[in-house]
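Kindly return the folded structure for what I paste below:
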Amino acid sequence: GDVLKIASWPLGFVMLAAGAGRTFMLSETFTIGLFVLLVWLGLPVISIQATGVGFALMYVGYLPLVYWLAHRRTGFTWQAQVRRHLTLLFLAALAICLLARWQEWVAVALGLAATLGFGVHGLRRLGGMLDDNGRLGRMVAAGNRLMTKMKVWG
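Sure, this is the predicted structure:
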């Protein structure tokens with residue numbers, strides 16, 4: 001659910017920036033209503049786990065909705081690189097979820113490694129967009145030097 005939330009939230013802000021506040025509020029209201037309905041239906045069947053399942057299913061519905069609305073309103077589309085990143089992030093989260101059912105410590109190790117990898121990648125991308133003399137630029141440069149020294153990349 002969180003991976004889908006990360007992908008969908010900026011699309012809601014695209015709608016707000018385009019002046020579609022009413023559409024944004026209606027999509028949010030619909031989505032929260034869907035979440036409440038899913039939890040209400042799921043509680044008698046799967047107990048408190050219904051909240052987690054409802055959260056994930058809510059974003060399964062919300063992401064395509066806001067993508068369609070943002071595309072219709074502004075012509076927004078994801079670049080191929082963004083689609084690849086989202087796919088990789090989703091597959092990593094799915095693998096960690098599945099591994100957690102088998103061996104929790106393996107899932108924790110993979111989750112930590114994935115977090116480090118995605119975090120470093122994000123910092124490198126941000127660093128490429130920033131002035132190297134600023135605080136974040138210096139921090140990214142120090143991280144790059146450390147990763148090069150550790151032979152993570154050249």
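
So which elements touch the helix-or-strand element of the chain with minimal mean pLDDT?
None of the helices or strands of the chain scores lower by mean pLDDT, DSSP states H and E than helix 135-149, at a mean of 74. In terms of contacts (3 or more Cβ pairs under 8 Å, 6 or more residues apart in numbering; DSSP states H and E), helix 135-149 is packed against helix 104-129. The C-beta positions use only the backbone N, C-alpha and C, and glycine is treated the same way.

so the helix it packs on versus helix 135-149, what angle?
120 degrees (axes from the mean of the first three to the mean of the last three Cα atoms, to 10 degrees).

what helices or strands is helix 104-129 leaning on?
Helix 104-129 packs on helix 80-102, helix 135-149, going by 3+ Cβ pairs under 8 Å, 6+ apart.

Tabulate those helices (JSON lines), appending mean neighbour count and distance to His71.
Listed next are the helices and strands packed on helix 104-129 as JSON lines, based on neighbours: other Cβ atoms under 10 Å; distance: least, Cβ to Cβ, whole Å:
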{"stretch": "helix 80-102", "mean neighbour count": "13", "distance to His71": "14"}
{"stretch": "helix 135-149", "mean neighbour count": "13", "distance to His71": "32"}
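
Ok, which of those comes nearest Leu65?
With respect to Leu65, and counting by Cβ to Cβ, the nearest of those is helix 80-102 at 16.2 Å.

residues in contact with the closest one?
2-4, 6-7, 78, 106-107, 110-111, 114, 118 (Cβ atoms under 8 Å, 6 or more residues apart in numbering).

Tell me which two of the residues you listed sit farthest apart.
Within the contacts of helix 80-102, two members stand farthest from each other by Cβ to Cβ: Trp78 and Val106, at 31.5 Å.

So, low pLDDT: which residues of the chain?
127-128, 130-133, 136, 151-154 (pLDDT under 70).

Touching, Phe35 and Gly54? I think so.
Yes. At 5.3 Å, Phe35 counts as touching Gly54 under the criterion of Cβ atoms under 8 Å.

Those two - which one has more neighbours?
Shown here are Phe35 and Gly54; by other Cβ atoms under 10 Å, Gly54 has more neighbours (22 against 19).

Tell me what angle the host helix or strand of the more buried one forms with helix 80-102.
Assigned by DSSP states H and E, Gly54 belongs to helix 49-74. Angle, helix 49-74 to helix 80-102, by the same axes, to 10 degrees: 180 degrees.
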